[in-house]
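Enquirer: the amino acid sequence is not available; the structure is as follows:
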């Protein structure tokens, strides 16, 4: 009872202090109105005018909340505490086209429309890029966890028991999927390593074959040149031999002719 009474007094004092600030500080009233407008813009999703959409996009850029900017579902947290976002790139592009037509600078003159259009393009690129999306999801993890905790806090005891059982089953399934994916990756890496080793071995064998073939070709060329040289030498020797025999025959004929002339001269010489 005492705690509740203290809480009521504390709340009443806070309200009175807020009202006092509003009466005495115009800037405080202005900031409060601004926060109210911003909260309304954050919650707005349908039936937006071009002006509303432009202001909402600029506010989402200020909050770095690209999901709300494109009026897409917010990230969630899985049973292992990781951020998840089950929205396809096609759905992202569809949401982008809808808003880009509404806030296009050609239809909405002014710097705010141009700035909102540029911001919208940036959000579209980031949410469709795997690396950019991963970074954004990590940045939103704490907010996603807070939303999940709020939902669990609003649940009854019976609902909480069911949620815990579902989370345990989901965690078991996710761990199995992780193990299967890890095993598949290990098998892929081993296969890739074996293929590289096989290609390297084949390349080394082909290189060795080419080197051996070049050596054989060079040796075959040397043997052929040597055989040609021997053949030419033999032919030259045979030719030289034939010339020698011809010279001997000529010398013999000359000797026979000389002997014949001497005999004739002896017959012609008178006797003493």
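Expert: Thanks, I have it. Given the structure is predicted, the values throughout are model-derived calculations rather than measurements.
Enquirer: which residues in this structure form strands?
Expert: 76-77, 83-84 (DSSP state E).
Enquirer: need those in a markdown table with distance to residue 211 and mean neighbour count, can you?
Expert: Just so you know, the C-beta spots here come from the backbone N, C-alpha and C atoms, and that holds for glycine as well. Putting the strands of the chain into a markdown table (distance: least, CB to CB, whole Å; neighbours: other CB atoms under 10 Å) gives the following:
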| stretch | distance to residue 211 | mean neighbour count |
| --- | --- | --- |
| strand 76-77 | 62 | 17 |
| strand 83-84 | 58 | 16 |
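Enquirer: count the neighbours of residue 56 for me.
Expert: Other residues near residue 56 number 24, with proximity taken as other CB atoms under 10 Å.
Enquirer: that one against residue 69, yeah?
Expert: Yes. Between residue 56 and residue 69 there is a contact at 7.4 Å, judged by CB atoms under 8 Å.
Enquirer: can you lay out the strands of the chain as TSV showing mean pLDDT and distance to residue 109?
Expert: Listed next are the strands of the chain as TSV, based on pLDDT from 0 to 100; distance: least, CB to CB, whole Å:
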stretch	mean pLDDT	distance to residue 109
strand 76-77	90	39
strand 83-84	90	39
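Enquirer: adding distance to residue 50, write those out as a markdown table.
Expert: Output for the strands of the chain, formatted as a markdown table (distance: least, CB to CB, whole Å):
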| stretch | distance to residue 50 |
| --- | --- |
| strand 76-77 | 31 |
| strand 83-84 | 32 |
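Enquirer: so which of those strands is nearest residue 131?
Expert: Of all these, strand 83-84 sits nearest to residue 131, with 14.5 Å by CB to CB.
Enquirer: so what's the nearest residue to residue 61 once chain neighbours are set aside up against?
Expert: Leaving aside its sequence neighbours, residue 61 sits nearest to residue 119 (CB to CB, 6 or more residues apart in numbering; 4.5 Å). The contact partners of residue 119, by CB atoms under 8 Å, 6 or more residues apart in numbering, come to 57-58, 60-61, 69.
Enquirer: same question, residue 264
Expert: By CB under 8 Å, 6+ apart, no residues touch residue 264.
Enquirer: residue 127 now?
Expert: By CB under 8 Å, 6+ apart, residue 127 lies in contact with 66-67, 70, 72, 87, 92, 133, 136.
Enquirer: just give the closest residue to it, not the sequence neighbours.
Expert: residue 92 (4.9 Å).
Enquirer: ok, back up a step: let me know the closest of the contacts of residue 127 to residue 143.
Expert: Closest to residue 143, out of all of these and judged by CB to CB, is residue 67, at 10.0 Å.
Enquirer: how near is the closest residue to the closest one other than its chain neighbours to residue 94?
Expert: In space, and not counting its chain neighbours, residue 67 is closest to residue 74: 5.2 Å by CB to CB, 6+ apart. Per CB to CB, to the nearest Å, residue 74 is found 17 Å from residue 94.
Enquirer: cool, residue 154 as well?
Expert: From residue 154 to residue 94 the distance is 32 Å (CB to CB).
Enquirer: who's more crowded, these two?
Expert: Neighbour count, other CB under 10 Å: between residue 154 and residue 94, residue 94 has more, with 12 against 9.
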